[in-house]
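Participant: Just need the structure, nothing else, for what follows:
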Amino acid sequence: MNTERTFSQSSTGTLRELLQLAEDNYPLLRSKAWEVKAAEKAVTTSRNTLIPSLDAAYQVNYATYNNITGMAYPQFLVPISGPPSAANHYDGVFGSATSLLLNWQPLTFGQRSSQVEFSKAGMQHARADAGNEVFQHKIRVINAYLDIITAAELEKVYQENLVRTEATLSIARSLVVNGIKPGVDTALLKAEMSKAKVELLNSRKYKEQTIITLSGLLAMDNVPAVTDTSYFTKLPAAYVPADTVKNPLLSLYHSNIELSKARKKVLGKTVMPTLGMWGTAYARGSGIDYSGNVKAADGLAFQRYNYGAGLQLSIPILQFAKIRSQVRQQDLLIRSDEEKLNEVTLQVRKQDQLADTTFSTALLISKETPLYYESAGFSYKAMQSRYQSGLANFADLMQAQYALVKAAADNKTAYMAVWKALLFKAAVNGDLNLFLNQVN
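Facilitator: Now for the predicted structure:
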């Protein structure tokens with residue numbers, strides 16, 4: 001399928017479409033979306049612990065019927081039912097059993113609710129993590145987009161420089177033939193031609209590199225065509241500073257604190273008792289009758305039927321001593337998370353100040369570079385006329401040409417610097433519309 005499209009600001013919302021394309025395609029962002037869905041399911045799973053369990057079982061066995069009364073630790077032993085046997089009998093008989101067992105814990109004294117709250121905190125953390133990753137990725141996409149159109153404009157600058165050098169070489173040849181200029185000028189201009197070609201090739205390499213970067217961010221082999229010159233003909237209007245910073249990184253750190261607090265609550269609730277209800281109905285079959293006679297095959301059928309129900313209150317008496325240190329540890333982790341949030345808040349506040357300074361300075365520079373470019377163009381034309389008249393030497397002409405190329409490149413990058421400063425401001429504030437509303 002051909003996915004190539006032209007994104008230009010003359011078509012409404014095209015940059016937004018490009019950002020949506022990246023969000024839909026990029027594997028890491030899709031992974032984060034699945035993590036959010038999984039976290040949402042975790043909330044449902046926590047709530048579903050209120051649902052009782054009902055287990056049905058059936059078994060048939062062939063085993064000896066030796067038995068002994070008394071107590072034994074249940075691990076590693078398979079119990080034998082029935083009264084004690086008079087002696088050891090190594091003949092095997094059949095036995096069978098079937099049952100329904102209901103278990104329900106309607107009251108957990110806060111354990112279930114704390115687990116639900118922990119799952120909700122995990123869901124919010126997953127959403128904040130995904131939101132931050134999507135936002136940062138979109139910033140990278142826009143930055144790559146701006147790099148491509150900047151590279152395209154710089155390629156034009158160096159293409160024009162190559163054409164200009166070719167024209168100068170043609171003029172120099174005529175002047176050399178007419179004896180106005182020395183033959184060395186032709187050789188020097190041929191070297192300048194090679195230099196101009198190398199600069200053009202390097203600019204094209206840079207453009208290809210930016211295209212590859214964008215293709216990686218879009219997770220596509222065929223990158224949509226990006227052609228837009230409006231960024232170099234207009235400047236963004238001064239933005240209105242936001243009252244509050246909505247950087248998604250702050251939300252992520254906030255959610256991390258809430259997750260740690262919810263984890264502490266879960267730990268604290270593990271010392272609470274639980275009230276369980278159980279109910280059962282079962283049947284047993286045995287190859288030994290009530291008088292001890294062996295009828296092995298009779299064990300395949302059921303002879304006795306029973307039911308039962310009950311309540312069980314479980315109190316973890318010594319759990320408090322075990323949990324206390326874990327709760328204290330969690331308190332320390334919460335304090336650590338709070339300090340991390342303070343550090344990120346400080347960074348964001350300073351970056352916001354830096355973004356304001358960068359934007360205002362870039363805006364002032366962008367107002368000067370067109371004058372510099374215009375002056376360089378005038379100087380080059382004047383020097384070119386003097387060279388053709390034999391009043392200027394080759395070095396003076398090349399110096400004027402170098403100044404013109406640099407002024408043209410600086411003018412392009414100065415305009416783009418303003419847009420990138422605005423993007424920086426949008427990234428720090430956590431609001432892409434601060435940038436997108438200026439270009440659409």
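Participant: When you work out contacts or count neighbours from here on, use the C-alpha atoms and nothing else.
Facilitator: Will do.
Participant: so how far is stretch 253-273 off the chain centroid?
Facilitator: How far stretch 253-273 lies from its chain's middle: 25 Å, per CA atoms, centre = their mean, to the nearest Å.
Participant: cool, and stretch 283-300?
Facilitator: Centroid displacement of stretch 283-300 relative to its chain, using CA atoms, centre = their mean, is 65 Å.
Participant: for stretch 388-398, same thing?
Facilitator: Worked out by CA atoms, centre = their mean, stretch 388-398 lies 58 Å from the chain centre.
Participant: Next: stretch 162-181.
Facilitator: Counting by CA atoms, centre = their mean, stretch 162-181 is centred 57 Å from the centre of its parent chain.
Participant: Output it as PDB, nothing but the C-alphas.
Facilitator: C-alpha atoms of stretch 162-181 as PDB (Å, rounded to 0.1, in the frame of the first residue of the first chain):
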ATOM      1  CA  LEU A 162      26.600  25.800  -7.000                       C
ATOM      2  CA  VAL A 163      24.700  27.500  -9.800                       C
ATOM      3  CA  ARG A 164      26.300  30.800  -8.800                       C
ATOM      4  CA  THR A 165      29.800  29.300  -8.900                       C
ATOM      5  CA  GLU A 166      29.100  27.800 -12.300                       C
ATOM      6  CA  ALA A 167      28.100  31.200 -13.600                       C
ATOM      7  CA  THR A 168      31.200  32.800 -12.100                       C
ATOM      8  CA  LEU A 169      33.400  30.200 -13.700                       C
ATOM      9  CA  SER A 170      31.900  30.900 -17.100                       C
ATOM     10  CA  ILE A 171      32.500  34.600 -16.600                       C
ATOM     11  CA  ALA A 172      36.100  34.000 -15.400                       C
ATOM     12  CA  ARG A 173      36.900  31.900 -18.500                       C
ATOM     13  CA  SER A 174      35.800  34.800 -20.800                       C
ATOM     14  CA  LEU A 175      37.900  37.300 -18.800                       C
ATOM     15  CA  VAL A 176      40.900  35.000 -18.900                       C
ATOM     16  CA  VAL A 177      40.500  34.600 -22.700                       C
ATOM     17  CA  ASN A 178      40.300  38.400 -23.100                       C
ATOM     18  CA  GLY A 179      43.400  38.800 -20.900                       C
ATOM     19  CA  ILE A 180      41.500  40.700 -18.200                       C
ATOM     20  CA  LYS A 181      42.100  38.100 -15.500                       C
END
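Participant: where does K234 land in three-state SS?
Facilitator: Of the three states, K234 takes coil under DSSP: H, G, I helix; E, B strand; the rest coil.
Participant: ok, how many other residues are close to it?
Facilitator: Here the number of neighbours of K234 (other CA atoms under 10 Å) works out to 11.
Participant: ok, what's across the strand from L107?
Facilitator: L275 (DSSP bridges).
Participant: can you tell me which residues contact it?
Facilitator: Listed by CA atoms under 8 Å, 6 or more residues apart in numbering, the contact set of L107 reads 274-276.
Participant: how about the strands in the stretch 301-440 of the chain?
Facilitator: Remark: strands assigned in the stretch 301-440 of the chain by DSSP state E, counting those that start in this stretch are 304-314.
Participant: low pLDDT regions in it?
Facilitator: For the stretch 301-440 of the chain, the stretches flagged by pLDDT under 70 are 440.
Participant: quick one, helices of it?
Facilitator: Along the stretch 301-440 of the chain, counting by DSSP state H, counting those that start in this stretch, helices occupy 319-388, 394-429, 433-439.
Participant: Check the stretch 151-300 of the chain too.
Facilitator: Using DSSP H, counting those that start in this stretch, helices in the stretch 151-300 of the chain cover 184-218, 248-269.
Participant: Adding mean pLDDT, write those out as JSON lines.
Facilitator: Output for these, formatted as JSON lines (pLDDT from 0 to 100):
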{"stretch": "helix 184-218", "mean pLDDT": "91"}
{"stretch": "helix 248-269", "mean pLDDT": "95"}
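Participant: Most tightly packed of those?
Facilitator: The highest mean neighbour count among those, using mean count of other CA atoms under 10 Å, belongs to helix 248-269: a mean of 21.
Participant: and that one, what does it pack onto?
Facilitator: helix 111-177, helix 319-388 (3 or more CA pairs under 8 Å, 6 or more residues apart in numbering; DSSP states H and E).
Participant: same thing but 10 Å
Facilitator: helix 111-177, helix 319-388, helix 394-429 (3 or more CA pairs under 10 Å, 6 or more residues apart in numbering; DSSP states H and E).
Participant: about what we covered before: now for the helices of the stretch 301-440 of the chain, which one comes closest to E208?
Facilitator: Closest to E208 of the helices of the stretch 301-440 of the chain is helix 394-429 (CA to CA; 17.9 Å).
Participant: what angle do that closest one and helix 319-388 make?
Facilitator: Comparing the axes of helix 394-429 and helix 319-388 via axes from the mean of the first three to the mean of the last three CA atoms, to 10 degrees yields an angle of 160 degrees.
Participant: Buried residues in helix 394-429, which are they?
Facilitator: The neighbour-count criterion (16 or more other CA atoms under 10 Å) identifies 394, 397-398, 400-401, 403-429 as the buried residues of helix 394-429.
Participant: With stretch 226-244 instead?
Facilitator: Residues of stretch 226-244 classed as buried: 226, 228, 231-232, 235 (neighbour count, 16+ other CA under 10 Å).
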